[in-house]
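Asker: next come a sequence and a model predicted from it.
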Amino acid sequence: MLTSRSSKKSSRKGHKRESIFMIPIVRVYAVIGIKGGVGKSLVSIALAKELSKFAKVGLVDCDIDSSNIPGMLKIEERMRPAPDRIHFLPINVTDSLKVVSLECMGLGRKCAAVTKEGKQHQQIIRDIIDMTCWGQTEILIADMPAGSSDEFLGIMSIFDHLDGVIAVAQPSTSEDFNRVVDLCKYHGLTMLGVVENMNGTLTECGVPAECPKCHKEFTPLGKDVILNICKEKQIDYFGGIPLTSEKIDFEQLPQSISKSIDNMLKKIIVGEEVWLKP
Ligand SMILES: Nc1ncnc2c1ncn2[C@@H]1O[C@H](COP(=O)(O)OP(=O)(O)OP(=O)(O)O)[C@@H](O)[C@H]1O
Ligand SMILES: [Mg+2]
């Protein structure tokens, strides 16, 4: 299993994913991180939303143990069966953004726990992707669960091509970011770059928090640690997102997030005018 993926080159230009529904998905990107809770889903949603201003985007929640995307996007709607009664229609968040998640399939009660063996787990995600009528989706963003073992490998093997991965890391757990770098090298995945989430803090007034006594910046999880690793390893650094107490509004991304997302967009859409909307 380990070697089969490593022999594949992740970036195959022009290769189209074609399943039973002849999905015209031309690009697939995965948002990854070995550590849980670092902000993968947050970055996936923000990226999918912004990207959908330029292209038809699908966002697939590959985290079936703890699907957070519907909750973060406040999706109450359930996915409906397609007219053939076999396939599913994704949730249309907007005309150009479709979301698919096990949580939206109404297979159990809301927020139910899922315990599956490795193979079943992989099959569920494969079904979620292959049984969805994607329509005219040009870019698929896969929000990955934490980890680098069976589940990760299983999901990676579902995509017959992957155009790149975006890593999300925290300054406090830089060793996990080093593992992500290794993982990408080992499996031949193209890392487009990294976002350093929870990098420093931002108060509700939009300024970095500081100690009232010594006025030093309050950085509970550290700051710019990943930035320095990126400089050393020559990895693209999309930017740092500070820890904030405010609820993130995906309709109007705060500047502290949009800067990193803009840098991702520049890398993803460069040279792709052919299929992007005018
Ligand atoms: N910069 C931030 N400031 C404040 N809260 C944040 C920030 N980034 C993420 N969060 C919050 O932290 C929680 C975890 O984020 P998220 O779900 O995106 O992480 P994850 O890496 O996808 O987690 P998991 O590994 O469980 O899938 C969420 O409630 C999210 O809203
Ligand atoms: Mg997540």
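Answerer: Perfect, thanks for sending it. Ligands and ions are numbered 1, 2, ... in the order given.
Asker: so which bits of stretch 253-272 are buried?
Answerer: Buried positions in stretch 253-272, judged by neighbour count with 16 or more other CB atoms under 10 Å: Leu253, Pro254, Ser256, Ile257, Ser258, Ser260, Ile261, Asn263, Met264, Leu265, Ile268, Ile269. (C-beta placed from N, C-alpha, C; glycine too.)
Asker: do the same with stretch 194-213
Answerer: So stretch 194-213, judged by 16+ other CB under 10 Å, has buried residues Val194, Val195, Glu196, Asn197, Met198, Asn199, Gly200, Thr201, Leu202, Ala209.
Asker: in strands, which of these appear?
Answerer: With strands taken from DSSP state E, the overlap with the buried residues of stretch 194-213 comprises Val194, Val195, Glu196, Asn197, Met198, Asn199, Gly200, Thr201, Leu202.
Asker: pLDDT and distance to ligand 1 for the residues you listed - can I get that in TSV?
Answerer: Shown next, in TSV, are those (pLDDT from 0 to 100; distance: CB to the nearest ligand atom, whole Å):
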residue	pLDDT	distance to ligand 1
Val194	97	13
Val195	98	10
Glu196	98	10
Asn197	97	5
Met198	97	5
Asn199	97	8
Gly200	96	10
Thr201	95	9
Leu202	92	8
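Asker: quick check, nearest of those residues to Ser44?
Answerer: Val195 (10.7 Å; CB to CB).
Asker: tell me who's in contact with the closest one.
Answerer: By CB atoms under 8 Å, 6 or more residues apart in numbering, the residues touching Val195 are Gly39, Val43, Ile166, Ala167, Val168, Ala169, Phe238, Gly239, Gly240, Ile241, Ser260, Met264.
Asker: quick one: it from Ile129, how far?
Answerer: According to CB to CB, to the nearest Å, Val195 and Ile129 sit 24 Å apart.
Asker: show me what from this structure comes close to ligand 2.
Answerer: The chain comes close to ligand 2 at residues Lys40, Ser41, Asp63, Asn68, as judged by CB under 5 Å from the ion.
Asker: where does the nearest residue to the third one once chain neighbours are set aside land on pLDDT?
Answerer: Of all residues beyond its chain neighbours, the one nearest Asp63 is Pro145 (4.0 Å), with distances taken as CB to CB, 6 or more residues apart in numbering. According to the model's per-residue confidence, Pro145 sits at a pLDDT of 92.
Asker: you'd agree Pro145 is up against Asn68?
Answerer: No: if you go by CB atoms under 8 Å, Pro145 and Asn68 don't touch, sitting 10.1 Å apart.
Asker: how about low-confidence regions in the protein?
Answerer: Counting by pLDDT under 70, the chain contains low-confidence residues at 1-25, 106-114, 118, 270-278.
Asker: list the contacts for the residue in it that ligand 2 sits nearest to?
Answerer: Nearest residue of the chain to ligand 2: Ser41, at 3.3 Å (CB to the ion). Going by CB under 8 Å, 6+ apart, Ser41 touches Val31, Asp61, Asp63, Asn68, Ile69, Met72, Asp143.
Asker: and with 7 Å instead?
Answerer: Asn68, Ile69, Met72, Asp143 (CB atoms under 7 Å, 6 or more residues apart in numbering).
Asker: with secondary structure added, can I get the contacts of Val195 in JSON lines?
Answerer: Supplementary listing: these in JSON lines, determined by DSSP: H, G, I helix; E, B strand; the rest coil:
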{"residue": "Gly39", "secondary structure": "coil"}
{"residue": "Val43", "secondary structure": "helix"}
{"residue": "Ile166", "secondary structure": "strand"}
{"residue": "Ala167", "secondary structure": "strand"}
{"residue": "Val168", "secondary structure": "strand"}
{"residue": "Ala169", "secondary structure": "strand"}
{"residue": "Phe238", "secondary structure": "strand"}
{"residue": "Gly239", "secondary structure": "strand"}
{"residue": "Gly240", "secondary structure": "strand"}
{"residue": "Ile241", "secondary structure": "strand"}
{"residue": "Ser260", "secondary structure": "helix"}
{"residue": "Met264", "secondary structure": "helix"}
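Asker: hmm, back to that, select from the residues of the chain next to ligand 2 the one having the most neighbours.
Answerer: Lys40 (28 neighbours; other CB atoms under 10 Å).
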